[in-house]
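Peer 1: Sequence first, predicted coordinates after that:
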Amino acid sequence: MNIFITSTCPYTCAAALDDLRLNKMILETAQLLSVGISVGLGKPAPYRNSHANHPCAVWTRANRFNYSWLIEHFDGLFEERRNRSAFDIDHASYTLRPIFVANADEFPDTPFTTPPNCTDFKQLSLFDAYKAALSAKWDAHHPKTPPTWRNTAPPNWYKGVYSYA
């Protein structure tokens, strides 16, 4: 479980992800939102609890604003997937969006909190830590399985080992 927070904008965070992580993060985000409902609100949720005490899960359910930011990120992930996909097929997890939205206002109305840094780059600022973590993941798989960004360019901050000429 994680949220790759490379920006304050949930849509920009989604656009930065490579194709492989983009697809995986739709499911993980739906799981985080579900844990928010089940653990944070004590209500039945679409997915079973998974990693309920992970810092990202705790952050998600801390308040309405964190939870709503993650719903926007979920929207960004889905929009990005549709823009990159060769097929017009919706991700099954996205059908759960109405459930997530319907529960958002039930979370505490306290201020937005800083998301957790769940990377190995604790010495960096939050956004730089996640950029470094993604870059390290992408570079670690070179040249066997290089990252791809179908129908779009990699994020402008990625200065990895790949050539995009």
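Peer 2: That came through fine. All values reported here derive from a predicted model rather than from experimental measurement.

Peer 1: Surely residue 74 touches residue 26?
Peer 2: Yes: the pair residue 74 / residue 26 is scored as a contact, 7.2 Å apart, by Cβ atoms under 8 Å. C-beta here means a position set from N, CA and C on the backbone, and glycine is covered the same way.

Peer 1: Give the intersection of the neighbour lists for those two.
Peer 2: residue 94 (Cβ atoms under 8 Å, 6 or more residues apart in numbering).

Peer 1: Give the burial count for residue 137, as a bare number.
Peer 2: Using other Cβ atoms under 10 Å, residue 137 is surrounded by 15 other residues.

Peer 1: per-residue confidence for it?
Peer 2: If you check residue 137, the pLDDT there is 91.

Peer 1: 21 is where my numbering starts, stick with that
Peer 2: Fine by me, first position is 21 from now on; the one you just mentioned is residue 157.

Peer 1: which stretches of this structure have low pLDDT?
Peer 2: 106-109, 162, 181-185 (pLDDT under 70).

Peer 1: Name the next helix or strand downstream of the longest helix along the chain, please.
Peer 2: As assigned by DSSP state H, the longest helix anywhere in the chain is helix 84-104. As assigned by DSSP states H and E, the chain's next helix or strand after helix 84-104 is helix 117-124.

Peer 1: which parts of that next one are buried?
Peer 2: 119-120, 123-124 (16 or more other Cβ atoms under 10 Å).

Peer 1: Serialize the residues you listed to TSV and add fields for distance to residue 168.
Peer 2: Formatted as TSV, these follow (distance: Cβ to Cβ, whole Å):
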residue	distance to residue 168
119	31
120	28
123	35
124	33
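
Peer 1: Among those, pick out the one closest to residue 74, please.
Peer 2: Among these, residue 120 lies closest to residue 74 (Cβ to Cβ), at 17.7 Å.
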